[in-house]
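> fold the stuff below for me.
(3 chains)
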Amino acid sequence: MISPIFLVINLVVVALIAIAGVFACKFIGQRVSKKLSVRLIALYTLALLLSPIMAGFIGQDVNERKDPIEVPPYHFEKVLEDYENLNLEDLQEDEFLHQLAVTEISGDANDFPKGSSLMIRSSQFAYNHLNNLIIEVTDAVDSIVITQFNQRFIVDNLDITQEFNSWDWTIKNQELRAEIPQTKIQFNNLSPSSLAFHFDKELSKSIQDSFNFGFIPYENTIQWIQIPEGMDFQHRGNGPWRIKD
Amino acid sequence: MIRCEELTKYFNGTRALDNCSFEITEPTLTGVIGVNGAGKTTLFKSLAGFLKPTKGQAFVLEEPTFQNITVAQNVMLIEEGMSFYSSANLKELVDSYSRFYQNFDLKLAMGLLKYFNLNENAKYDDLSKGMASTFRLILALSARAPITLLDEPTTGMDPGVRKDLYEIILKDYIKAPRIILISSHYLGEMEQILEDILFIHEGKVLKHGPLEEFETLLIALQASPAVIEPLEEQLRVYEAKDFGEGLRKIVVDKKEFEELQLSMKLSDRLTIQGISPEDSFVHLTRRKGGGIDELYDS
Amino acid sequence: MNSMIHRDSKFSIAFEQTKDKLFHHSNAFMYLFILHLIGYLFAFNSGISGFGSGDFLQFSYRSFSTTPLYVMTIFWMIFQGSSLAEEKNRQYYMVSNNFTAYFSDIAVLEIFALIGGVLTLFSGFFMQVYGTLFMENFVLHSVYGSMGVLHYLTLFITGTLYFLIFGTAAYFVGILRVRYKSRFILVAFVAAILLIVAGLLAVRVFGDSALFNIESLFRFYLDERSFFIWLIKVLLTIAGLYTVSYFGIKNMEVNR
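I've put the predicted structure just below:
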């Protein structure tokens, strides 16, 4: 049952807004001619009647988003359980991962003085346990290539993974470093009035269950680092979780 | 056309009309005369169908008036308390009324607006008291309703404008004869245009008839106190005044005096004068009991 | 003089009055426009629901809907219903009786409800266009993909009939206020006390299932999923309000 005080306060607020609205309307109404009123409402009605046509031209196609997309939680971890047998192409074909960026570090950065090696300190990323690193030594690349995969981030059946910022990789003082820029995602969503689903229980529920983006609205990445064969490297720290030869 | 049968109306215990009965069957320009609170407005509102009789009935076109749509479309009532849409200007109001009254003369209405220098784009609420009265009268006359009720139509008007308006009422009546009832307490101004008088006092119809009957309703008798005093005992006296040189004047009902058959006997000692309808009205409606002299002299 | 007498039917006069009232109340459309502007202001400035994961991700969204437009239109209908019930509204018309006044008032309210229904129906498209043109990251809810003609028809019919219920209820209350004047407040107070006492007793005797409050009153209509049963409920409500309004205005004197 609604608390009586809450109800009374709400009713008072509503009544005050209504009274203020009535005074505003009367004040303005006395200064506006009938002609102007009718013309205004006619213009407004015309704008409204034309809006479906405009929406058809410039609006969005939501038909593709009718069916829900379910991304298994922690997929970005589970997929790496069999990392020994995993290839980069496998991740590229994974339907629940999105290849966000490929960073190639080439040129002088790769030239190390004799006797020194590339340092990879996973402690830089270790505190953020929602990201995984996998280091692969391969002859397929001539320089260090880092491919970032993000677990698909779905909001209201809309894939907004591409909104994430990719990590900035550099080599400084023979150490592979990443700057992780903050991703700010804000979007504006328009829902239809629930009256439209007055007699459609299913869709009525779907409106209420909107923004089902999984229980963790976090960025989950896999950073696949390919080191050219022959390059010396060391890693320190609790990660990376995987090293593939 | 109009018939009241013992029409009685109470408002919260106060009696406004008391067994009012009268009938009007032909076109007429009738003055409804009475003091403030006599029941004139209540009578008009009952005839227009606004009020439900407490007892008795009012009929217009042989139909009970209360909430009767046939009555409503054939009766036009104007009174000071009338309201109009505050957002409408005079022209819009005239147009509105013309759509409801089938006999409405739009050309006459616009002509009268112009004649009285009323700006058709002005709002009714912005008009002065006199101009508002003028506008109401313009509506009433232009509507040409078979029964037109004008309640104090000249309120707030200058004497010159009042004279003009009475002339217009008469002209309009001649052009479109119908039942026009005009209520007022300025009988003197209206006398020239009226055919009949309906005299109301304390909710009752005291008299209804041609104007001429009112001209001979009361008479003034002037003679020495020795002659007058015996008469005072036999007749109802409306007013008694003493003048110098042993003269006393009383105002009495003419019929009552004629019934005494004394005029021949007293002809050399008694002066008989007629009383105007307006003065008759004043005498008939004067409060019984102590007069103003008593109030100041006591 | 007999040629001056007219006997038009009350329906033709009521029809004339309806047209006249629409003309003289056309400023009501200005009020609706203003209220809709306020509605759009509320709609597009709804609260931000934010979720942050700290340093790496700040995620937030704003959810808009046309609900404020519906609320504003309901306010408008209540205002118009009260305004039409005002005593002076019946004093404006010489050629009138309570039937024609009532008939034309109801007709005007129905027209207003229809206009409200049309405008609120299309306000969703208007918001779509506005959002797409002037807002960043503007997306439509996925449920739009499942909406068909029937849903839009439902929106229109439910909106219009709900507006009519509010407008007629306000009209009925206004008629009672006009008819009973100072006694109205006393009667309203007594009626409220009686309702509360009746509610408490009902819960005592029949248990929680007999709980009745404003929320349950709204749910009686809003939770109905069968169109035909809902339609019967709504039409019966409207018919009931029409009936009590008529009895409220019947035999009312015009005492200006």
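
> what about the chain, any weak spots by pLDDT?
Using chain A here. Scanning chain A with the threshold set as pLDDT under 70 gives A:1-3, A:66, A:107-115, A:124-130, A:206-218, A:238-242, A:244-245.

> you answered for a different chain; I wanted chain B.
B:262-267, B:287-298.

> what does B:K55 show for phi and psi?
phi -140, psi 160 (degrees, to the nearest 10).

> and if you look at A:L100?
Here A:L100 shows phi and psi, under degrees, to the nearest 10, equal to phi -90, psi -40.

> so what's it up against?
A:Q148, A:F149, A:N150, A:T161, A:Q162, A:F164, A:S166, A:T221 (Cβ atoms under 8 Å, 6 or more residues apart in numbering or on different chains). All C-beta spots, glycine's among them, are computed from the backbone N, C-alpha and C.

> report the beta-bridge partners for the first one.
In this case it means A:Q148. Per DSSP bridges, the residues bridged to A:Q148 are A:A101, A:Q223.

> now it: how far from C:S26?
Distance of A:Q148 to C:S26, given as Cβ to Cβ, to the nearest Å: 62 Å.

> between these two, point out the one with more neighbours.
A:Q148 (22 against 17; other Cβ atoms under 10 Å in any protein chain shown).

> do you know how far the more buried one is from chain B?
As for A:Q148, its distance to chain B is 67 Å (criterion: Cβ to the nearest Cβ, to the nearest Å).

> do a quick rundown of the helices in chain A.
A:4-29, A:34-58, A:75-78, A:88-93, A:123-126, A:201-208 (DSSP state H).

> next: the stretch 101-250 of chain B.
Taking DSSP state H, counting those that start in this stretch, the helices of the stretch 101-250 of chain B run over residues B:106-115, B:129-143, B:159-175, B:187-190, B:211-215, B:225-234.

> ok, now chain C?
Under DSSP H, chain C gives helices at C:10-24, C:27-44, C:67-85, C:87-91, C:98-134, C:149-180, C:182-206, C:214-222, C:227-249.

> out of the ones you listed, which gets the lowest mean score?
Mean pLDDT is lowest for helix C:87-91 out of the helices of chain C, coming in at a mean of 74.

> still on that earlier bit, restricted to strands, list the contacts of A:L100.
A:Q148, A:F149, A:N150, A:T221 (DSSP state E).

> pipe those residues into JSON lines and attach distance to C:F59 per row.
Formatted as JSON lines, those follow (distance: Cβ to Cβ, whole Å):
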{"residue": "A:Q148", "distance to C:F59": "18"}
{"residue": "A:F149", "distance to C:F59": "19"}
{"residue": "A:N150", "distance to C:F59": "13"}
{"residue": "A:T221", "distance to C:F59": "15"}
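
> would you write a PyMOL line that selects the buried entries of the residues you listed?
Provided next is the PyMOL selection string for whichever of the ones in strands among the contacts of A:L100 are buried by 16 or more other Cβ atoms under 10 Å in any protein chain shown:
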select buried, chain A and resi 148+149+150+221
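
> from the ones in strands among the contacts of A:L100, which is closest to A:L16?
A:L16 has its nearest neighbour among the ones in strands among the contacts of A:L100 in A:N150, at 48.5 Å by Cβ to Cβ.

> does the closest one touch A:L97 like I think?
Yes - in this structure, A:N150 is within contact of A:L97 by Cβ atoms under 8 Å, at 7.1 Å.

> okay, now the closest residue in space to C:F184 that isn't next to it in sequence: neighbour count?
By the measure of Cβ to Cβ, 6 or more residues apart in numbering or on different chains, the closest residue to C:F184 outside its immediate chain neighbours is C:R177, 4.7 Å from it. Applying other Cβ under 10 Å, we find 20 residues neighbouring C:R177.

> distance-wise, check C:R177 relative to chain B.
In terms of Cβ to the nearest Cβ, C:R177 sits 18 Å off from chain B.

> returning to that earlier point: just the ones in strands among the contacts of A:L100 now: which is nearest C:F11?
A:N150 (70.3 Å).

> now do the contacts for that closest one.
A:N150 touches A:L97, A:H98, A:L100, A:T161, A:F164, A:E219, A:N220, A:T221, counting by Cβ under 8 Å, 6+ apart.

> let me know the closest of these to chain C.
Distance to chain C across the contacts of A:N150 (Cβ to the nearest Cβ) is lowest for A:E219, with 4.8 Å.

> ok, the most centrally placed residue in chain C - contacts?
For chain C, the residue nearest the mean C-alpha position is C:F163 (2.7 Å; Cα atoms, centre = their mean). Going by Cβ under 8 Å, 6+ apart, C:F163 touches C:T73, C:I74, C:M77, C:F112, C:A113, C:G116, C:G117.

> any buried residues in stretch B:127-144, and which?
Buried, per 16+ other Cβ under 10 Å, within stretch B:127-144: B:127, B:130-144.

> stretch A:142-158 now?
A:144-158.

> any idea how far apart the tips of that stretch sit?
37 Å (Cα to Cα, to the nearest Å).

> and for stretch B:99-108?
For stretch B:99-108, the separation between the terminal residues is 15 Å (Cα to Cα).

> buried ones in it, by neighbour count?
Applying 16+ other Cβ under 10 Å to stretch B:99-108 flags B:F100, B:Y101, B:Q102, B:N103, B:F104, B:D105, B:L108 as buried.

> ok so, going back, in CSV, list the contacts of A:N150 along with distance to B:Y186.
Converted to CSV, the contacts of A:N150 look like this (distance: Cβ to Cβ, whole Å):
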residue, distance to B:Y186
A:L97, 100
A:H98, 95
A:L100, 96
A:T161, 91
A:F164, 91
A:E219, 93
A:N220, 96
A:T221, 99
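
> which of the buried residues of stretch B:127-144 lies closest to C:L41?
For the buried residues of stretch B:127-144, the nearest to C:L41 is B:L127 (39.3 Å; Cβ to Cβ).
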